[in-house]
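Peer 1: Task: produce atomic coordinates for the following.
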Amino acid sequence: MKKFVKVYNDIMTYIALVCLLGFVISVLIQVFSRTFLPFFPSWTEEAARYLFIYMVAFGGSVAVRKNEYVGVEILSDMLPEKAQRILKIAILIALAVFSGYVLINSTMGFALIKYRMVSTAMQIPMQYVYGSLLVFFGLLVFSYILEIILVLTKQDTRE
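Peer 2: Numbering: from 1, shown residues only. So this is what the prediction gives:
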């Protein structure tokens with residue numbers, strides 16, 4: 001299980017890094033062309049926005065696994081170890097259920113309905129943009145389930 005979780009984290013990290021690199025390149029092209037050229041490509045702003053959205057989508061699951069989301073632990077640290085584990089599992093279950101709820105509603109509300117629309121500058125179908133909701137919340141649900149399993153089996157794979 002530890003090896004699977006490590007490979008999963010590595011894959012999500014690399015995909016998020018590729019999106020970050022594309023985002024930075026797109027912004028640099030935009031800044032350079034607006035500063036030094038008489039014209040600028042219109043697609044760079046949209047590309048930067050969409051790459052940023054997908055970077056957050058893939059990076060979110062890594063944040064769950066590395067416990068990097070903001071949390072208040074002052075009260076839970078006062079509890080005995082068994083109560084801490086129970087509280088952590090309850091919180092993870094609540095977060096997984098909430099993410100699953102948003103996943104189901106975002107599928108019908110955005111990703112499937114917007115298939116006819118295209119973006120203004122890049123002319124790509126908006127279903128790929130709104131599909132980031134499916135990716136983000138799907139990966140969150142999967143990551144929370146992995147985390148619940150690891151807490152129940154008392155395995156810690158944090159790096």
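
Peer 1: contacting residues around Arg116?
Peer 2: Contacts for Arg116 were tallied using Cβ atoms under 8 Å, 6 or more residues apart in numbering; they are Pro125. All C-beta atoms are positioned from the backbone trio N, CA, C, and that covers glycine.

Peer 1: Is Leu103 in contact with Gly138, as I believe?
Peer 2: Yes - counting by Cβ atoms under 8 Å, Leu103 does reach Gly138; the two are 5.7 Å apart.

Peer 1: Count the neighbours of Ile53 for me.
Peer 2: For Ile53, the number of neighbouring residues by other Cβ atoms under 10 Å comes to 18.

Peer 1: What is the subsequent helix or strand relative to the strand or helix carrying it?
Peer 2: Using DSSP states H and E, Ile53 sits within helix 43-65. Following helix 43-65 in sequence order, the next helix or strand is helix 81-106 (DSSP H and E).

Peer 1: can you state the direction angle for that next one and helix 43-65?
Peer 2: Helix 81-106 runs at 150 degrees relative to helix 43-65, counting by axes from the mean of the first three to the mean of the last three Cα atoms, to 10 degrees.
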